[in-house]
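[1] What follows is a predicted structure for the sequence shown.
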Amino acid sequence: MKMNRLQFVSLLALVLSLAVLPLRAQVSAGGNEAFGALRVDRDPVRMGMAGAGSSLTTQNQAFASFGNPAAAAFSSSKVEAGLSYASWSPHYAGAGNIASGVTGHVTENVALSVGFARQGYPGLDFETASAFKPSDMLLRVGAGIAFSESFALGVTAGYAKEALMSDYSLSAFSVTAMAQYRVAGLNVAAGVAHLGGKVGEGYPLPSSLKLAADYGLDFENLGLRIAFDGDYYFSGNYSVAAGLDLGIGGAGFLRGGYRFASAGAAIPSCLGLGGGARFAGFELDFAFLMVSESLSGSWMAGVSYRF
């Protein structure tokens, strides 16, 4: 089934209109957002570009359930799996972050994704006797459908839990809905990310209207993707990330990017650098963050496989 540009624009407008309906329930008058872990990158490819690249279809889609489920529908692999570990904000939170994800095609045009992540923190002084350590847990399940070679829709539902003390925890459900269009080397994706209700004492989730794009340039043995991700949070915060993904002979990668964010955004401004190597279906990736008061020194390593 083919879709012209007018149909694409109409569908995209419908998706965004439906997404904005619950906006009033999400807006917080300058308050802090809860569950910042929803916005932590689980994919070392995106972390190496400081959060840009959610519209990429050329990289492994194992972690699609944490990002853009629509992009997974364009994957040419039957199954893609990945595992990552990160030391997140080591000078402040000291969080160890492990994540896993699998994306598989059940038909040629339909891809299902599942992801699990756990983030642990050092123990609290007054909880030392019980040996309790705070933690975050995320479970994500998504689906992407390609309606043509150019257009896809994706939806992810997720459950998050924060164990803050031995006898106190918070939980939340959220939904991400994205539409993606691709033509002549250009990918454009738009939708809503982590839409859900308030938690605790009325704190909102880091929900946002999201726009992402990337464009590819091919040279002799080099392939360059220029990526952009922008989020306008319903709390009034915003962030913009721009990054580069340079492929070298299809076997190596160099990445870099910068994220600019408002003072109250879930993830602050930072510079990301990374790289990777691919062989026999496997890919090893590494990323680290710098130029950030709270995130400098954060790093992530991951391994993925596709077949």
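    Sure, I can see it. None of these values were measured; they are calculated from a predicted model.
[2] going forward, measure contacts between C-alpha atoms and count neighbours the same way
    Fine.
[3] in the chain, which spans are helices?
    Assigned by DSSP state H, the helices in the chain fall at 5-20, 23-26, 44-47, 69-72.
[4] averaging pLDDT over each of these, which comes out lowest?
    Mean pLDDT is lowest for helix 23-26 out of the helices of the chain, coming in at a mean of 34.
[5] Which stretches in this structure count as strands?
    Under the criterion DSSP state E, strands of the chain are mapped to 79-88, 95-105, 110-120, 135-146, 151-165, 168-183, 186-195, 208-218, 222-233, 238-248, 252-261, 270-279, 282-290, 299-306.
[6] May I see those strands organised as JSON lines, with mean pLDDT added?
    Shown next, in JSON lines, are the strands of the chain (pLDDT from 0 to 100):
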{"stretch": "strand 79-88", "mean pLDDT": "96"}
{"stretch": "strand 95-105", "mean pLDDT": "95"}
{"stretch": "strand 110-120", "mean pLDDT": "96"}
{"stretch": "strand 135-146", "mean pLDDT": "96"}
{"stretch": "strand 151-165", "mean pLDDT": "94"}
{"stretch": "strand 168-183", "mean pLDDT": "95"}
{"stretch": "strand 186-195", "mean pLDDT": "97"}
{"stretch": "strand 208-218", "mean pLDDT": "96"}
{"stretch": "strand 222-233", "mean pLDDT": "97"}
{"stretch": "strand 238-248", "mean pLDDT": "97"}
{"stretch": "strand 252-261", "mean pLDDT": "98"}
{"stretch": "strand 270-279", "mean pLDDT": "97"}
{"stretch": "strand 282-290", "mean pLDDT": "97"}
{"stretch": "strand 299-306", "mean pLDDT": "97"}
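[7] Put together CSV for these, with distance to Ala37 on each row.
    Formatted as CSV, the strands of the chain follow (distance: least, CA to CA, whole Å):
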stretch, distance to Ala37
strand 79-88, 10
strand 95-105, 10
strand 110-120, 8
strand 135-146, 7
strand 151-165, 9
strand 168-183, 12
strand 186-195, 11
strand 208-218, 14
strand 222-233, 15
strand 238-248, 16
strand 252-261, 16
strand 270-279, 16
strand 282-290, 16
strand 299-306, 15
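[8] Turn the ones you listed into a markdown table, including distance to Gly48 and mean neighbour count.
    As requested, the strands of the chain are exported to a markdown table (distance: least, CA to CA, whole Å; neighbours: other CA atoms under 10 Å):
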| stretch | distance to Gly48 | mean neighbour count |
| --- | --- | --- |
| strand 79-88 | 12 | 23 |
| strand 95-105 | 16 | 23 |
| strand 110-120 | 19 | 23 |
| strand 135-146 | 22 | 24 |
| strand 151-165 | 23 | 21 |
| strand 168-183 | 22 | 20 |
| strand 186-195 | 19 | 24 |
| strand 208-218 | 15 | 21 |
| strand 222-233 | 12 | 21 |
| strand 238-248 | 8 | 23 |
| strand 252-261 | 6 | 22 |
| strand 270-279 | 4 | 21 |
| strand 282-290 | 5 | 22 |
| strand 299-306 | 9 | 22 |
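[9] what about those strands, which gets the closest to Glu33?
    Glu33 lies closest to strand 222-233 among the strands of the chain, at 9.7 Å (CA to CA).
[10] which residues does the most centrally placed residue in the chain contact?
    Nearest to the mean C-alpha position of the chain, by CA atoms, centre = their mean, lies Gly67 at 3.3 Å. Gly67 is in contact with Ser54, counting by CA atoms under 8 Å, 6 or more residues apart in numbering.
[11] that older thread, and the strands of the chain: which comes nearest Thr57?
    Closest approach to Thr57 among the strands of the chain (CA to CA): strand 186-195, 8.2 Å.
[12] Give me the helices and strands touching that closest one, please.
    helix 5-20, strand 168-183, strand 208-218 (3 or more CA pairs under 8 Å, 6 or more residues apart in numbering; DSSP states H and E).
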